[in-house]
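# Everything below, folded, please.
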Amino acid sequence: MAEVTVLLLLHRWLGIAGGALFVLWFASGIAMMYVRMPEVTAAERLARAAPIDPAHVRVGLDAAARAAAVSPDAAVTLRMLGARPGSFSERLQADVDIESKSH
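Residues are numbered from 1 along each chain as shown. Now for the predicted structure:
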């Protein structure tokens, strides 16, 4: 009889603790839907970016521009992918003009 009482009390309090945890989890999910996350500015992202190690760059800028079919006068950004340089992107003058006119 004592084992049953202990089991019932254990079941009740574990249920209460689990229910409270679920309510807090649910409430935090609702809060995350409506509270804006902090934004990272370009300056903050650049300040925390890993420096590019030129020893790991295996393709020259001319060869990469030819392979990507990018015009020679386009602005190019080399970024780090993990521990190696890798992201090749171009920014066209038209995009910059549209951005500056919209602000």
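# For stretch 66-74, measure first residue to last.
12 Å (CA to CA, to the nearest Å).
# Would you check the distance separating the lengthiest helix in the chain from the middle of the chain?
Among the segments of the chain that qualify as a helix by DSSP state H, the longest is helix 2-34. Taking CA atoms, centre = their mean, to the nearest Å, the mean C-alpha location of helix 2-34 is offset from the chain mean by 32 Å.
# do stretch 19-39 as well
The answer for stretch 19-39 is 19 Å, by CA atoms, centre = their mean.
# Averaged pLDDT, it. What do you get?
Mean per-residue pLDDT for stretch 19-39: 92.
# For that stretch, could you pull out the residues that count as buried?
Within stretch 19-39, no residue qualifies as buried by neighbour count (16 or more other CB atoms under 10 Å). Where you see a C-beta, it was placed from the backbone N, CA and C, and this is true even at glycine.
# Alpha carbons of that stretch, as CSV, please.
Extracted C-alpha coordinates of stretch 19-39, given in CSV (Å, rounded to 0.1, in the frame of the first residue of the first chain):
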residue,chain,number,x,y,z
GLY,A,19,3.1,20.7,-17.0
ALA,A,20,4.8,23.8,-15.6
LEU,A,21,7.8,23.2,-17.9
PHE,A,22,5.4,22.8,-20.9
VAL,A,23,3.5,26.1,-20.0
LEU,A,24,6.8,28.0,-19.8
TRP,A,25,8.0,26.5,-23.1
PHE,A,26,4.7,27.5,-24.8
ALA,A,27,4.8,31.0,-23.4
SER,A,28,8.4,31.5,-24.5
GLY,A,29,7.4,30.3,-28.0
ILE,A,30,4.6,32.9,-28.1
ALA,A,31,7.0,35.6,-27.0
MET,A,32,9.5,34.6,-29.7
MET,A,33,6.8,35.0,-32.3
TYR,A,34,6.2,38.7,-31.5
VAL,A,35,9.5,40.0,-30.0
ARG,A,36,12.0,41.2,-32.7
MET,A,37,15.3,39.6,-32.6
PRO,A,38,18.3,41.9,-32.4
GLU,A,39,19.8,42.9,-35.8
